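[1] Sharing a sequence plus its predicted fold:
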Amino acid sequence: QVKLVESGGGSVQAGGSLRLSCAASGRTFSSGNMGWFRQAPGKERDFVAAIRWSGGNTYYEDSVKGRFTISRDNAQNTVYLQMNSLKPEDTANYYCAATRLTVRNPISKYVYDYWGQGTQVTVSS
């Protein structure tokens, strides 16, 4: 059974940095996509960033481009989200997600087959 476990969330002041990790287990991720989504209270779960296991193609939501970087360690089956220049509007619960197969539209939450439990990120002004 595939399991995704996020870590690295916390509280930080605006302008600070955090690095989220997502450790995947239960299968070898040589194909497919990994994504990060976030959900603030009362709002929908929104796309943040995604990466392909094979080839490393990356995708970002416009508001995080230039501030966030998604990366992967294939040997460790782990995906990272480096978040710099954090803003109060980045405050949310961040979720890691995975697809079984490589998809054309990794920004859609509906294509993901597996989800982690989430990690809270709070940015204060």
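    Okay, I see it.
[2] Just give me the neighbour total for the closest residue to Asn93 other than its chain neighbours.
    Closest residue in space to Asn93, ignoring its immediate chain neighbours: Gly118 at 4.4 Å, by C-beta to C-beta, 6 or more residues apart in numbering. Heads up, the C-betas are built off the backbone N, CA and C, glycines and all. Neighbourhood size, Gly118 [other C-beta atoms under 10 Å]: 17.
[3] now Gly118: how far from Ser63?
    Relative to Ser63, Gly118 is positioned 19 Å away (C-beta to C-beta, to the nearest Å).
[4] again, but for Ser7
    Between Ser7 and Ser63 the computed distance is 23 Å (C-beta to C-beta).
[5] Does the residue nearest to Asn93 touch Tyr95 like I think?
    Yes. Using C-beta atoms under 8 Å, Gly118 is in contact with Tyr95, at 4.8 Å.
[6] overlap in contacts of those two?
    Common neighbours of Gly118 and Tyr95, using C-beta atoms under 8 Å, 6 or more residues apart in numbering, are Glu6, Gln39.
[7] element containing the spatially most central residue of the chain, please.
    The geometric centre of the chain, computed from its C-alpha atoms, lies nearest to Trp36 (C-alpha atoms, centre = their mean), at 2.1 Å. For Trp36, the enclosing helix or strand under DSSP states H and E is strand 33-39.
[8] just checking, what packs against that strand?
    Of the remaining helices and strands, those touching strand 33-39 by 3 or more C-beta pairs under 8 Å, 6 or more residues apart in numbering; DSSP states H and E are strand 18-25, strand 45-52, strand 68-73, strand 78-83, strand 92-98.
[9] So which elements touch the first one?
    Right, strand 18-25. Using 3+ C-beta pairs under 8 Å, 6+ apart, strand 18-25 sits against strand 3-7, strand 33-39, strand 78-83, strand 92-98, strand 119-124.
[10] Adding distance to Arg19 and mean pLDDT, write the ones you listed out as CSV.
    Formatted as CSV, those follow (distance: least, C-beta to C-beta, whole Å; pLDDT from 0 to 100):
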stretch, distance to Arg19, mean pLDDT
strand 3-7, 9, 96
strand 33-39, 12, 97
strand 78-83, 5, 97
strand 92-98, 11, 97
strand 119-124, 11, 98
